[in-house]
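Student: Sequence first, predicted model second:
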Amino acid sequence: MIRYFISVFLTLYVYYLALVIRLKSKIMKYLTSLLLFICLLASQGIAQTTITLHADEGEYTISRHIYGHFSEHLGHCIYGGFYVGEDNKMIPNQRGIRTDVVNALKELEIPNLRWPGGCFADTYHWKDGIGPKSDRPKIVNTWWGGVTEDNSFGTHEFLDLCEQLGTEPFISGNVGSGTVQELSDWVQYINFNGESPMAELRKTNGREEPWKVKYWGVGNEAWGCGGNMRVEHYVDVYRKYATFMNARWGDERIFRIASGPSDDNYHWTEVLMRDIPHQLMQGIGMHHYSVINWNKKSSATEFSEEEYAVTMQKAYDMERIIRGHSAVMDQYDADRRVALVVDEWGGWYDVEPGTNPGFLFQQNTMRDAMIAGMTLNIFNNHADRVRMANLAQTVNVLQAVVLTDGEKMLLTPTYYVMDMYKAHHDATLIPAKIHTVDYTLEGKSIPAVSVSASKKENGTLTISLVNVDSRSAQPVSIDLRGMHAQGVQGQILQAAKLQAHNTFDQPEGVHPASYNGAKLDGDQITLTMPPFSVIVLSVR
Ligand code: AHR
């Protein structure tokens, strides 16, 4: 916008000059036109995006749990993705858990992992997945592909995975088809340190010490696959489950997350906040997917620029939705004790041709990198209320960070964004003021550039920038206040095409590179962001 104002101003000024000197000669006319042309060119180089950061201010911590992941018994997320079985001699593993996937996720320092669903959670009976594997019953995964599962990946295997990853488990309890006793028993089995029937059963199954799991979901999508409940009914169900989940089964208090709204269903949030005592509820789970149209999605790789723009508009909706829920929550909880937990988010497209439609296997392109960068900026900037989030889903499902094919594994553009952003984990949010131009396509506009910034205890400032504009580069100028910057370095993720992605034959096609295009001059940083790019700057 600023660019256009400057262009118009300069143009009028040149015409004014032309009038004042009453051009008569042809040469003067040509010179005036040339001057006009130079002015227009010059105006293109002036920053269209200006950002002000007060590096010495900051009230909230960006919880590392915003960078959480989600792993459901769905397609090849668990079986084939995380877990290949302990007898597998082809794929290196530790007690059946793939070493390559664990190493890739350890690099990301993933803070938590949600399991076993999703919709699957409300069909899952945890006692089917403990004890000798040969005794475990086979079950049918009725939500995802109708496949038969042998329950070889259960509670012990999931918690082993979390220990291998060094991440915190987040378990979604079965409310839809389970019982209060069943979920209370699960908490007892996992967390109780004394003598009790469930603690004894755990020890019989080979685990002496409790795992002390903190994060527990009380059902999933109670408004849909979790039981098609009305929120007025669910609040009473929740109160009952939450009461018995907590009864002395651990030294530390657990963090219970209610099944919250879909998208902008503010009524659902309002009833939860109004009718559930807050000491029983530490978080509300909200789900929002970036999907063009549930009845007509798009190919994950062969999409048009218009489809890209609409996907980005859907992703940007996250800002409005979070603001809406936060406003409702503020009315009942001014101190912001209850967290908004976005425990499912990401892009959702058609499955890859030839794959099982129930497995939700999709490729991952620069479009997904844009969704990830922009959404994580939104979460960071709402760190006062959004204190946990889970990208759907970690491996081989929806907006995955890792894809596998037998022994092969690749890292997606989304993986690299998560990696570039990890300096934000548990850092202090630095409020950012931004003026940017609009990215307009299909008659709708969203801001072209988004930003979030944070400061680590060692004083390093991290600035993550995303330019979602598919066509235009964006000159950016950052005004740094409250800090004497000594140097700036960065990383960039960009590609020649929006559709660029990594394949098993070319796993390194999209990859971040170091970036030295940011210039520091006193308290100003200037850079030009290429179209559809993510840049993360580290300022000392
Ligand atoms: O992530 C896939 C599915 O999307 C989950 O199982 C469900 O919770 C949501 O509808």
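Tutor: Done, it's in.
Student: Is Tyr439 bridged to anything, and to what?
Tutor: Ile446 (DSSP bridges).
Student: Can you name the residues that contact it?
Tutor: Shown in contact with Tyr439 (CB atoms under 8 Å, 6 or more residues apart in numbering): Ala309, Met312, Ser445, Ile446, Pro447, Ala448, Val468, Asp469, Ser470, Ser472. For every residue, glycine as well, the C-beta is placed using N, CA and C.
Student: State the three-state secondary structure for the spatially most central residue of the chain.
Tutor: Geometric centre of the chain, nearest residue: Leu391, 4.4 Å, by CA atoms, centre = their mean. At Leu391 the chain is in strand, as set by DSSP: H, G, I helix; E, B strand; the rest coil.
Student: That one touches Ile66, doesn't it?
Tutor: No. In this structure, Leu391 is not within contact of Ile66 by CB atoms under 8 Å, at 10.0 Å.
Student: could you dump the contacts of Tyr439 to CSV with pLDDT?
Tutor: CSV is the format used below for these (pLDDT from 0 to 100):
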residue, pLDDT
Ala309, 96
Met312, 97
Ser445, 94
Ile446, 96
Pro447, 97
Ala448, 97
Val468, 98
Asp469, 97
Ser470, 96
Ser472, 95
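Student: From these, which land in helices?
Tutor: Ala309, Met312 (DSSP state H).
Student: and which of the contacts of Tyr439 is nearest to the ligand?
Tutor: Closest approach between these and the ligand, by CB to the nearest ligand atom: Met312, at 20.2 Å.
Student: How about the contacts made by the closest one?
Tutor: Counted by CB under 8 Å, 6+ apart, Met312 has contacts Ser290, Arg367, Met370, Ile371, Met374, Tyr439, Ile446, Val468.
Student: Report the secondary structure state of the fifth one.
Tutor: For Met374, the secondary structure call by three-state DSSP comes out as helix.
Student: What is the neighbour count of it?
Tutor: 26 (other CB atoms under 10 Å).
Student: Now do the contacts for it.
Tutor: Going by CB under 8 Å, 6+ apart, the list of residues near Met374 reads Met312, Ala315, Tyr316, Ser450, Val466, Val468.
Student: go with 6 Å
Tutor: Ala315, Ser450, Val466 (CB atoms under 6 Å, 6 or more residues apart in numbering).
Student: Okay, now stretch 393-412: how far is its last residue from its first?
Tutor: 12 Å (CA to CA, to the nearest Å).
Student: returning to that earlier point: can you tell me which two in the contacts of Met312 are farthest apart?
Tutor: Ser290 and Tyr439 (15.1 Å; CB to CB).
Student: Which single one of the contacts of Tyr439 is nearest to Tyr189?
Tutor: Nearest member of the contacts of Tyr439 to Tyr189, counting by CB to CB, is Met312, at 43.9 Å.
Student: Among the contacts of Met374, which one lies nearest to the ligand?
Tutor: Ala315 (15.8 Å).
Student: Need the phi and psi values for that closest one.
Tutor: phi -70, psi -40 (degrees, to the nearest 10).
Student: Please apply the same query to Gln164.
Tutor: Per degrees, to the nearest 10, the backbone of Gln164 is at phi -60, psi -40.
Student: Tally up the residues packed near it, please.
Tutor: For Gln164, using other CB under 10 Å, the count is 19.
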